[in-house]
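[1] following is a predicted model, sequence given first.
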Amino acid sequence: MTPEKHLTRSAASTVQVTSISTSLLTAPTPGRGFVDLTAEVAKFIKDVHARDGALTLFIRHTSASLTIQENADPSVLLDLNTALARLAPEGAGWTHDTEGPDDMPAHVKTMLTQTSLHVPVLNGKLALGTWQAIYLVEHRSRPHRREIVLQFIGETR
């Protein structure tokens, strides 16, 4: 396959890793749904004086997950919740129900989504697209306190 003629790529840049900064973000959830973490994650990047590097987010749970999704139209998040509910419905004859009927569906939804994210950091800013936000996805019906490890690796000012 021949590369497309209209593709472009900027010149590569290299940074000397001078810093690894880690923080534990605790986020309360109201129950099933999406919690926007973008502002708090951006604050972490600012607080550690990040310049260029990589941010990793890792959620320390098996019934909640992380995703990058559209932040402009709230109906996207509603539709994503609907899709996840269809893929892993409650009452589908699950064997594991130790913590209730939403327990096993929550584990399946986490398996279908992500427990970690990688976001480039350029010039001290998250390299997210215009309509992108970082979300914690709560798959359980009741509120929880979720822990997300934030780790920046890269150059600082």
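    Good, I have the coordinates.
[2] next structured bit after the longest helix anywhere in the chain?
    Longest helix in the chain by number of residues, with DSSP state H as the criterion: helix 74-87. As assigned by DSSP states H and E, the chain's next helix or strand after helix 74-87 is helix 103-112.
[3] and the contacts of that following helix?
    With contacts defined as CB atoms under 8 Å, 6 or more residues apart in numbering, helix 103-112 is touched by 61-65, 84-85, 87-90, 92, 94-97, 137, 139-140. In this view, the C-beta of every residue, glycine as well, is placed from N, C-alpha and C.
[4] let's see 7 Å
    Outside helix 103-112, the residues that touch it by CB atoms under 7 Å, 6 or more residues apart in numbering are 62-65, 84, 87-90, 94, 96-97, 139-140.
[5] need the residues you listed in a markdown table (columns: distance to Ala50, pLDDT and neighbour count).
    A markdown table is the format used below for the contacts of helix 103-112 (distance: CB to CB, whole Å; pLDDT from 0 to 100; neighbours: other CB atoms under 10 Å):
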| residue | distance to Ala50 | pLDDT | neighbour count |
| --- | --- | --- | --- |
| Thr62 | 29 | 97 | 13 |
| Ser63 | 30 | 97 | 20 |
| Ala64 | 25 | 98 | 25 |
| Ser65 | 24 | 98 | 24 |
| Leu84 | 32 | 97 | 21 |
| Leu87 | 36 | 97 | 11 |
| Ala88 | 36 | 97 | 20 |
| Pro89 | 41 | 96 | 13 |
| Glu90 | 41 | 94 | 15 |
| Trp94 | 42 | 94 | 16 |
| His96 | 40 | 94 | 10 |
| Asp97 | 43 | 89 | 13 |
| His139 | 30 | 98 | 28 |
| Arg140 | 32 | 97 | 20 |
